[in-house]
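Novice: my questions concern the predicted model and sequence given below.
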Amino acid sequence: MVQFLWLFLQILLINIVLSGDNAVVIAMASKNLPAEQRRQAIWWGTAGAIGLRLVLTLIAVFVLGIPYIQAAGSLLLLWIAVKLLIDDEGEAHVKQASTLPKAVWTIIVADFVMSLDNVLAIAAKAGNNVFVIILGIGVSIPIIIWGSTLVMKLLHKYPIFIYLGAAILGYTAGEMFVNDEEMHRLFLHDDSPLHWIIPVLTTIFVVAAGLGKKLTARRTA
């Protein structure tokens, strides 16, 4: 039970941290609509986007079982984790829609384009636990719907959550690499210390990259 709750909390945090830009998409796409239509656009757009993300995540769970895919995915996830900390882009550039259908479509399409990181990270962290995937994404729905730009503001105000999320992504990337069957067959044995050394190193690498970027920015400011 404790392990399940810990996994659920990690997935929830990953989804919230990586959904900051998605929340801005929702706010900007529906900005020009009347109040009532804005609420409808947020609900329908988010429902469609979350439904699509669930399907893509479940597909990714099975795709990651293909040899070498997990190893390749681990490198991509490591890049996503580093980018989360060093990327200075705090604003999503999204076309503002003038009608309800256009706003809903904009939200769904933009979320689809921006959700690769969410899908890959959650699928890798949850493994074959479909229930925790659905639960983790489902609980994050109201946060994304009602949070909108507040999510981004909180993440900027309390960067510890971004670092924690990035650290989880870094560790997950290391786990993905060592869990790839072909990597295991080639050079990882059951009793090899690399099973825990690699995830720890990838975690340190991600956090160090973020801190390094922050220190460099302070010196040049």
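Specialist: Received the coordinates, thanks.

Novice: if you count neighbours, what's buried in stretch 179-193?
Specialist: N179, D180, M183, H184, L188 (16 or more other CB atoms under 10 Å). No exception for glycine: its C-beta is placed from N, CA and C like everyone else's.

Novice: show me what contacts A123?
Specialist: By CB atoms under 8 Å, 6 or more residues apart in numbering, the residues touching A123 are T57, L58, A60, V61, L64, I133.

Novice: which of those fall within helices?
Specialist: Counting by DSSP state H, the part of the contacts of A123 found in helices is T57, L58, A60, V61, I133.

Novice: helix or strand for the residue of the chain positioned farthest from its centre, which one?
Specialist: Among residues of the chain, the one most distant from the C-alpha centroid is D191; the distance is 31.3 Å, by CA atoms, centre = their mean. Assigned by DSSP states H and E, D191 belongs to no helix or strand.

Novice: oh, and call the first residue 860 from now on, that's how I've got it
Specialist: Taking 860 as the first residue, the last one we looked at is D1050.

Novice: and the gap between it and N891?
Specialist: Separation of D1050 from N891 (CB to CB, to the nearest Å) stands at 61 Å.

Novice: and what of A908?
Specialist: 19 Å.

Novice: with neighbour numbers in mind, choose between the two.
Specialist: Between A908 and N891, counted using other CB atoms under 10 Å, the more crowded position is A908 (25 against 14).

Novice: and that one, what helix or strand is that in?
Specialist: Counting by DSSP H and E, the element that carries A908 is helix 894-922.

Novice: residues of the helix or strand just after that helix that come out buried?
Specialist: Of the helices and strands lying after helix 894-922 in sequence (DSSP H and E), the nearest is helix 928-945. For helix 928-945, a neighbour-count test (16+ other CB under 10 Å) marks Q929, A930, G932, S933, L935, L936, L937, I939, A940, V941, L943, L944 as buried.

Novice: likewise for stretch 898-914?
Specialist: Judged by neighbour count using 16+ other CB under 10 Å, the buried positions of stretch 898-914 are Q899, A900, I901, W903, G904, T905, G907, A908, I909, L911, R912, L913.
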